[in-house]
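A.B. asks: Dropping the sequence and predicted coords here.
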2 protein chains.
Amino acid sequence: MFLLTSVLVAVVCLLMVWIFQNADGGTQRRKGEPRARAEARPWVDEDLKDSTDVHQLEEDADGWQVSEEEVDHIPFSHTRYPEKEMLKRSQEFYELLNKRRSVRFISNEQVPMEVIDNVIKAAGTAPSGAHTEPWTFVVVKDPDVKHKIREIVEEEEEINYLKRMGPQWVSDLKKLRTKWIKEYLDTAPVLILIFKRVHGFAANGKKKIHYYNEISVSIACGILLAALQNAGLVTVTTTPLNCGPRLRVLLNRPANEKLLILLPVGYPSEEATVPDFARKPLDQIMVTV
Amino acid sequence: MFLLTSVLVAVVCLLMVWIFQNADGGTQRRKGEPRARAEARPWVDEDLKDSTDVHQLEEDADGWQVSEEEVDHIPFSHTRYPEKEMLKRSQEFYELLNKRRSVRFISNEQVPMEVIDNVIKAAGTAPSGAHTEPWTFVVVKDPDVKHKIREIVEEEEEINYLKRMGPQWVSDLKKLRTKWIKEYLDTAPVLILIFKRVHGFAANGKKKIHYYNEISVSIACGILLAALQNAGLVTVTTTPLNCGPRLRVLLNRPANEKLLILLPVGYPSEEATVPDFARKPLDQIMVTV
């Protein structure tokens, strides 16, 4: 009887161990789920990760190059306009930019390359975390390379539309008549692929942190869009989902560069149309305190 | 004797349960570490998360509002300049923006509020994922609110410098003489706090996805910086680390808005200085294929 009791107690206790273990395993799986889902839907947390990102986070613990140099400070020289001129300039700049639209119908007519140089020089004046200037602008003119880019983008886009995006996103984009056929990648005389450099290299080859590199490169892209509009060229801002690694390899960019944005640039084609929508009025985007 | 054995077996088994539990706890902590480190160093993966982000990811699985509306398409009207004028415009735009510098010494002189309206209207012309326009520009003029913002930013910045950033970043920023005293938050006549709306709401109150909202808002910020420079105002682009949640509450912004960038705006003060550094030449940021 006593032996039976002790065996029973042992069985009950071992059962408890098993239950505890399983309960923990379940918790871990549940904890793991949101992360897996986040990786599968990169557009939700607005980060364009590819498989090397996790690796980089792990490497980050140490080994970053310490830079010792001090930079001199000099007086800032400023151009100040009279108030009336400030008003006029700011009004005209708004009106110029308010005519900008994302144009998906781009003519195959060539554009002056010196203008492309100038708009990229303008983009390169953007501020960046700790002045790291973490951007590379790849200007593609070669028709064969453009066509290879189109093939990669369309292949991935088709998978995106059919499998990755889900009915919600497809429905949202339907309004804009976006589809996975990207003719402009062949017709636009110039494609500008904007890569973020997720880290840099110091003179001795050690890694150099690029603080907030995605925000910095996106800011540079905003300036680039303004510069294109100012020059009378059109584009459409695209973030080709899941194409980054293949396009990076095609264009021989190093592993520390990740594709952020692809801009087909040119003149609008004769039959170019745009969605007939308005922008939010100021009181819906601005709050004064 | 038998009773003693059964008690002993029970004690051993309970001990096993306890050991298993602790072992699991240890594993969980170890697994948690890289994540905690990632959260503690958000500038590495260039995302400004606050504590509500995980929550939102979990909610994301379903419940997003499906919008059925179709948008008409209309002919695109374009202003095309002769090539010579394109060259001139693009050159002048680059030269204007190349004079922009991040200025940390801002005079307390008032600026015309109509100009602020215009630069924010210009920023609002930025493209955004599926035309969601996921931005809110909070313009702070009230001296008390500015001072409260300064207190929050300096408190968090001091912790950042002393604890969160590590010697590498402090060393990188030393070159730029950045410190945790942010006098410009009091002196600048206007602070513009740029919030990203991480999701929107449909008419029926359901959530609406904001695709790539951080990139979109950063692009809008780039246009805002160009507009400020065009108007003859100065600013410094700051991403106040870990201040987002407190500033959001201070400014009564809803939970779907996260602080991305804070810009103090005004005229430079008389004694304003800037670091004496150059920008990368075109051949270091552009590749032609």
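C.D. replies: Good, I have the coordinates.

A.B. asks: could you pull out the helices for chain A?
C.D. replies: Along chain A, counting by DSSP state H, helices occupy A:2-40, A:52-59, A:83-98, A:113-123, A:143-159, A:166-174, A:184-187, A:213-231, A:244-250, A:282-285.

A.B. asks: between these, which gets the lowest average pLDDT?
C.D. replies: Lowest mean pLDDT within the helices of chain A: helix A:52-59, at a mean of 30.

A.B. asks: and the residue nearest to residue A:108 when sequence neighbours are not counted, how far is that from chain B?
C.D. replies: Closest residue in space to residue A:108, ignoring its immediate chain neighbours: residue A:187 at 4.6 Å, by CB to CB, 6 or more residues apart in numbering or on different chains. Quick note: C-beta positions are derived from backbone N, CA and C, even for glycine. Separation of residue A:187 from chain B (CB to the nearest CB, to the nearest Å): 15 Å.

A.B. asks: now do residue A:230
C.D. replies: According to CB to the nearest CB, residue A:230 stands 5 Å off from chain B.

A.B. asks: Count the residues that sit near the nearest residue in space to residue A:280 that is not next to it in sequence.
C.D. replies: Computed as CB to CB, 6+ apart, the closest residue to residue A:280 that is not its neighbour in sequence is residue B:133, at 5.1 Å. Look at residue B:133: counted by other CB atoms under 10 Å in any protein chain shown, it has 23 neighbours.

A.B. asks: mind checking pLDDT for residue B:133?
C.D. replies: With respect to pLDDT, residue B:133 has a value of 94.

A.B. asks: Can you report phi and psi for it?
C.D. replies: phi 40, psi 60 (degrees, to the nearest 10).

A.B. asks: Now for it: which residues touch it?
C.D. replies: Neighbour list for residue B:133: A:279-280, A:285, B:124, B:216 [criterion: CB atoms under 8 Å, 6 or more residues apart in numbering or on different chains].

A.B. asks: same thing but at 7 Å, please
C.D. replies: The contact partners of residue B:133, by CB atoms under 7 Å, 6 or more residues apart in numbering or on different chains, come to A:279-280, A:285, B:124.

A.B. asks: could these go into a markdown table alongside neighbour count and distance to residue B:162?
C.D. replies: Formatted as a markdown table, the contacts of residue B:133 follow (neighbours: other CB atoms under 10 Å in any protein chain shown; distance: CB to CB, whole Å):
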| residue | neighbour count | distance to residue B:162 |
| --- | --- | --- |
| A:279 | 15 | 43 |
| A:280 | 12 | 41 |
| A:285 | 19 | 37 |
| B:124 | 24 | 38 |
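
A.B. asks: Please identify which two of the residues you listed are farthest apart in space.
C.D. replies: Farthest-apart pair in these is A:279 and A:285; separation 8.7 Å (CB to CB).

A.B. asks: between the two, what contacts are shared?
C.D. replies: By CB under 7 Å, 6+ apart, the residues touching both residue A:279 and residue A:285 are B:124, B:133.

A.B. asks: Check the burial of the closest residue to residue A:91 other than its chain neighbours by counting its neighbours.
C.D. replies: Once flanking residues are discounted, residue A:91 sits nearest to residue B:118: 5.5 Å by CB to CB, 6+ apart. The tally of other residues near residue B:118 (other CB under 10 Å) stands at 25.

A.B. asks: ok, now residue A:249?
C.D. replies: The number of residues packed near residue A:249 is 11, by other CB under 10 Å.

A.B. asks: what does residue A:72 give?
C.D. replies: The tally of other residues near residue A:72 (other CB under 10 Å) stands at 9.

A.B. asks: and what of residue A:109?
C.D. replies: A count of neighbours around residue A:109, defined by other CB under 10 Å, yields 12.

A.B. asks: for residue A:205, same thing?
C.D. replies: Per other CB under 10 Å, the neighbour tally for residue A:205 reads 7.

A.B. asks: Ramachandran coordinates for it?
C.D. replies: phi 90, psi -10.

A.B. asks: Assess the claim that residue A:231 and residue B:89 are in contact.
C.D. replies: Yes: the pair residue A:231 / residue B:89 is scored as a contact, 5.5 Å apart, by CB atoms under 7 Å.

A.B. asks: Looking at those two, which is more packed in?
C.D. replies: Between residue A:231 and residue B:89, counted using other CB under 10 Å, the more crowded position is residue A:231 (24 against 17).

A.B. asks: Now the more buried one: closest residue in space that isn't a chain neighbour?
C.D. replies: Distances taken as CB to CB, 6+ apart place residue B:90 nearest to residue A:231, at 4.4 Å, with adjacent residues excluded.

A.B. asks: Ok, residue A:152 next?
C.D. replies: Once flanking residues are discounted, residue A:152 sits nearest to residue A:246: 4.9 Å by CB to CB, 6+ apart.

A.B. asks: what's the distance between that neighbour and residue A:156?
C.D. replies: 8 Å (CB to CB, to the nearest Å).

A.B. asks: Same check on residue A:106?
C.D. replies: From residue A:106 to residue A:156 the distance is 20 Å (CB to CB).

A.B. asks: Between the two, which is the more surrounded one?
C.D. replies: Taking other CB under 10 Å, residue A:106 and residue A:156 do not tie; residue A:106 has more neighbours (25 against 19).

A.B. asks: Torsion angles phi and psi at residue A:79?
C.D. replies: Here is the backbone geometry of residue A:79 (degrees, to the nearest 10): phi -100, psi 110.

A.B. asks: which residues touch the residue nearest the centre of chain A?
C.D. replies: The centroid of chain A falls nearest to residue A:260 when counting by CA atoms, centre = their mean (3.3 Å). Taking CB under 7 Å, 6+ apart, we find residue A:260 in contact with A:48, A:194-196, A:214, A:217-218.

A.B. asks: In JSON lines: those residues, plus neighbour count and distance to chain B.
C.D. replies: Shown next, in JSON lines, are the contacts of residue A:260 (neighbours: other CB atoms under 10 Å in any protein chain shown; distance: CB to the nearest CB, whole Å):
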{"residue": "A:48", "neighbour count": "21", "distance to chain B": "8"}
{"residue": "A:194", "neighbour count": "23", "distance to chain B": "10"}
{"residue": "A:195", "neighbour count": "24", "distance to chain B": "9"}
{"residue": "A:196", "neighbour count": "25", "distance to chain B": "8"}
{"residue": "A:214", "neighbour count": "22", "distance to chain B": "4"}
{"residue": "A:217", "neighbour count": "31", "distance to chain B": "8"}
{"residue": "A:218", "neighbour count": "30", "distance to chain B": "3"}
